[in-house]
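# How does the following fold in three dimensions:
(chains A and B)
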Amino acid sequence: MMQPTPLYIIASPRPRMGKTLIALLLLEFFRQSGRPVVGYDLNPREPALTNRLPKLVWPIDITETRGQMELFDGLIADPTSTKVVDLGYGPFDEFFTVMRQIGFVPEARRRLIEPIVLFVTHPTAATVRSYAELQRRFAATFVPVHNESVSLMFAREDFPPTRAESGVIRIPRLSPIVRGVIDRASFSFSSYVTEQPGGSTEIHQWVAQIFTEFREFELRLLMGKLAGSLGGAPVPERKDRRVR
Amino acid sequence: MTKPTVIVVGADKGGVGKTTVARTLLDYFTAHHVPTRAFDTESPKGTLKRFHPDISDIVDVTSVADQMRIFDTLSTTDASVTVIDVRAGLLSPTLRALRDIGFLDAVKKGQLTFVVFHILGSSIASLNEIEETSTFAADGKYFLVKNFINNTSFFEWDQATHSSYFKKLKDAVEITIPKLNEMAYEQVEVASVPFLTFVANKGLKGESANYSFVLRGYVRHWLGNVWGEYDRTKLNEIVASGGVAPANTPRVQVVSRS
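Numbers count the residues shown, from 1 in each chain, chains lettered A, B, ... in the order given. Predicted coordinates for the structure are as follows:
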């Protein structure tokens, strides 16, 4: 059975939720795994992701039709590369409006591309509503991401994943000093881990933990698909730690 | 035989999107499997003909010979719907000609179904046109089309004035054509294919094309909204309700007005 290629959309209706960091980690994770990956940075005024990985990431302004064509036509043009979209807070509404109008999700699926929205959660009512509304409007796979640096609280019932087996992706908190290190433009997670293998620094542990999260997440989705296609029992939902 | 339907699309002002509306109608009937033919009155070079060459003919609606080509063939053509895209400034003269040749009488007797799509401009003058043209469509269906595709803002319309005009027209139905993304509209123009063909990513001869998925999506979304308006006004039922024409449907005889 041919597996669809994932298209990750890192989204949140709130600013400063760590979306770019999560997009960066995902790109580094795929790059380290040797999988072809392309990133799209939808923050044209402050293209932080592009600045970090200029050879891998395209900055795009989707307020213009040309930018929308560049993005959405590009996303479905090559079904072999994994795509990561860092959807900024600014173009959040525009992105989903265009996506709905042009019928992007069914077309992507037809081309064996699976849109997966990694929604960075926050306990505010507006964010909970936004998540529910997007899930209602789109047939994409929605996965809640709990970034502990942004909010300690996470109510599982407020952010149910589209597919039970996907669970929640948890991004653990980093100490402020280490945070300062990784925020440097020249810092690369995969290079750091590769160049200093077997290290036991906080960064090593943190990156290893997140990459394991990503690996397990992909595995859970795959297992869920396989179980579904074989008509077997559903994959048990993951029991998250530190979840209220 | 099926009772023929004639749809006249026109305005007394140019640049209000008559041909665009005519194109959406042809696509609508194609999608509903209604055999349709069209006449483009932008003689000698027609825009409608460029997009729908297989079912369109260019005519000079003021010439008797071409009037005969359109109206004398209503009962013999395979098409159950005839769409006439009337050139700017010719709507009122065309409707007068229809009255003079006895076409409107045939409509009154229920032998033909007649629909007028009056595309409105932004000016008050547009409202004045309504009064005159609506009288010709008394026995047919009269649609007033507010077309936003060309970014028309209808700024000159005072709501009270607008309402007073509409009060006089108890049977007129308002249709809104939403704006289409400019780049998408431009690409369809460049491709010179029907909207439906563009959405299907095909060329004029049915060959595969390579149009932008985003632009095709915009066109599909827009066309869906336009057709939603046609469905709301039960256009398909109006055409289908033509049903079976009374026996001995007379051919509308064209006579010279000169």
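# mind listing what's buried in stretch A:54-62?
Going by neighbour count (16 or more other C-beta atoms under 10 Å in any protein chain shown), the buried part of stretch A:54-62 is A:56-62. Quick note: C-beta positions are derived from backbone N, CA and C, even for glycine.
# Give me the nearest residue to the residue in the stretch 101-250 of chain B positioned nearest to chain A, chain neighbours excluded.
Chain A sits closest to B:Gly217 of the stretch 101-250 of chain B, with a gap of 2.3 Å, by C-beta to the nearest C-beta. Spatial nearest neighbour of B:Gly217, excluding adjacent residues (C-beta to C-beta, 6 or more residues apart in numbering or on different chains): A:Ile102 at 2.3 Å.
# mind checking pLDDT for the one you found?
For A:Ile102, the model assigns a pLDDT of 97.
# Quick check: phi and psi on it?
Note on A:Ile102: backbone dihedrals following degrees, to the nearest 10 are phi -90, psi 0.
# Show me which of the buried residues of stretch A:54-62 is closest to A:Ser12.
Nearest to A:Ser12 out of the buried residues of stretch A:54-62 is A:Ile62 (C-beta to C-beta; 16.4 Å).
# The residue of the stretch 101-250 of chain B closest to chain A - how many residues pack around it?
24 (other C-beta atoms under 10 Å in any protein chain shown).
# max-length helix in chain A?
helix A:202-230 (DSSP state H).
# That one packs against which elements?
On a contact count with 3 or more C-beta pairs under 8 Å, 6 or more residues apart in numbering or on different chains; DSSP states H and E, helix A:202-230 meets helix A:19-32, strand A:169-171, helix A:176-182, helix A:189-195.
# Can you say which of these is packed in most?
helix A:19-32 (a mean of 23; mean count of other C-beta atoms under 10 Å in any protein chain shown).
# Can you find the helix or strand of the chain with the lowest average pLDDT?
Going with chain A. helix A:189-195 (a mean of 79; mean pLDDT, DSSP states H and E).
# The intended chain is chain B.
Per mean pLDDT, DSSP H and E, bottom of the list for chain B is helix B:159-168, a mean of 69.
# Would you indicate which residues of the helix or strand following it are buried?
Helices and strands here follow DSSP states H and E; after helix B:159-168, the next one along the chain is strand B:173-177. Neighbour-count burial for strand B:173-177 flags B:175, B:177 (criterion: 16+ other C-beta under 10 Å).
# So which bits of the following helix or strand past strand B:173-177 are buried?
Later in the chain than strand B:173-177, the nearest helix or strand by DSSP H and E is helix B:182-191. When burial is assessed from 16+ other C-beta under 10 Å, helix B:182-191 yields the following buried residues: B:183-185, B:187-188, B:191.
# do the same with stretch B:201-215
For stretch B:201-215, by 16+ other C-beta under 10 Å, it's B:202, B:204, B:211-215.
# mind checking how far the nearest residue to B:Leu74 once chain neighbours are set aside is from B:Val219?
Closest residue to B:Leu74 apart from its sequence neighbours, by C-beta to C-beta, 6+ apart: B:Pro4 at 4.4 Å. B:Pro4 sits at a distance of 30 Å from B:Val219 (criterion: C-beta to C-beta, to the nearest Å).
# what about these two, which has more around it?
Using other C-beta under 10 Å, the more surrounded residue of B:Pro4 and B:Val219 is B:Pro4, with 25 against 22.
# Hmm, the more buried one is touching B:Ser75, no?
Yes: counting by C-beta atoms under 8 Å, a contact exists between B:Pro4 and B:Ser75, whose distance comes to 6.5 Å.
# Chain A contacts on chain B?
Residues of chain B lying near chain A by C-beta under 8 Å from any C-beta of the partner chain: B:181-184, B:212-218, B:220-221.
# Using JSON lines, lay out these together with pLDDT.
JSON lines is the format used below for the residues of chain B next to chain A (pLDDT from 0 to 100):
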{"residue": "B:Asn181", "pLDDT": "95"}
{"residue": "B:Glu182", "pLDDT": "94"}
{"residue": "B:Met183", "pLDDT": "96"}
{"residue": "B:Ala184", "pLDDT": "97"}
{"residue": "B:Ser212", "pLDDT": "98"}
{"residue": "B:Phe213", "pLDDT": "97"}
{"residue": "B:Val214", "pLDDT": "98"}
{"residue": "B:Leu215", "pLDDT": "98"}
{"residue": "B:Arg216", "pLDDT": "98"}
{"residue": "B:Gly217", "pLDDT": "98"}
{"residue": "B:Tyr218", "pLDDT": "97"}
{"residue": "B:Arg220", "pLDDT": "97"}
{"residue": "B:His221", "pLDDT": "97"}
